[in-house]
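Student: Turn this into a model:
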Amino acid sequence: MLLILRIGIAVFMLTHGLPKLSKLLDGNTNFADPIGIGEMPSLLLTIFAEVVCSFLLLIGLASRLSAIPLIATMAVAAFYVHANDPFASKEKAFLYLICYLVILVMGGGKYSVDRMISK
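Tutor: Numbers count the residues shown, from 1 in each chain. Sure thing, here's the model as predicted:
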């Protein structure tokens, strides 16, 4: 089940991260700055989490470590970006957050590169 969770959540998050990467590659760096570090750093950190860390989760490499930036990104989305929005707007961020917390605790599972390396 961890394989299904890991692959599913990684693919779903890539659908959010790849458009942001494309936006950056097109030269558009307009992005929210919810924690006050600037638009460009916020965009770069979000792309790192949503693209790089999601890809690592997809293959099951450094799964627990990869979950940490994703947890931070979803926490910022839920508690800062959508803080004043109705719950329905926050729900997706909370669902992702819960999935990443499970991966942080459980790891990549039996069918992951992490497991192959540890043998």
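Student: drop to CA atoms for contacts and neighbour counts, all remaining ones
Tutor: Will do.
Student: Can you tell me the centre-most residue of the chain?
Tutor: Centroid-nearest residue in the chain: L70, 3.3 Å away (criterion: CA atoms, centre = their mean).
Student: Am I right that that residue is in contact with C53?
Tutor: Yes. The pair L70 / C53 is scored as a contact, 7.1 Å apart, by CA atoms under 8 Å.
Student: Buried residues of the longest helix along the chain, list them for me.
Tutor: Ranked by residue count and defined by DSSP state H, the top helix of the chain is helix 2-25. Within helix 2-25, the residues that qualify as buried by neighbour count (16 or more other CA atoms under 10 Å) are 2-3, 5-7, 9-11, 13-14, 17, 20-21, 24.
Student: Check stretch 94-103 too.
Tutor: F94, Y96, L97, C99, Y100, L101, V102, I103.
Student: Check the burial of I117 by counting its neighbours.
Tutor: Close neighbours of I117, defined as other CA atoms under 10 Å, add up to 8.
Student: Quick one: residues contacting it.
Tutor: Counting by CA atoms under 8 Å, 6 or more residues apart in numbering, I117 makes contact with nothing.
Student: ok, I4 to Y111 distance?
Tutor: For I4, the distance to Y111 equals 10 Å [CA to CA, to the nearest Å].
Student: same check, this time on L44
Tutor: Taking CA to CA, one finds L44 at 30 Å from Y111.
Student: Wait, V76 touches A32, no?
Tutor: No. V76 is beyond contact range of A32, at 10.9 Å (criterion: CA under 8 Å).
Student: Between the two, which is the more surrounded one?
Tutor: Using other CA under 10 Å as the criterion, V76 and A32 rank with V76 on top: 16 against 13.
Student: what about the more buried one, helix or strand, and which?
Tutor: Using DSSP states H and E, V76 maps to helix 63-76.
Student: What lies in contact with that helix?
Tutor: Identification of contacts with helix 63-76 by CA under 8 Å, 6+ apart yields 34-35, 46, 49-50, 53-54, 56-57, 93-94, 96-97, 100-101, 103-108, 114.
Student: Just the ones in strands from those, please.
Tutor: Here DSSP state E is the test, and these give no hits in strands at all.
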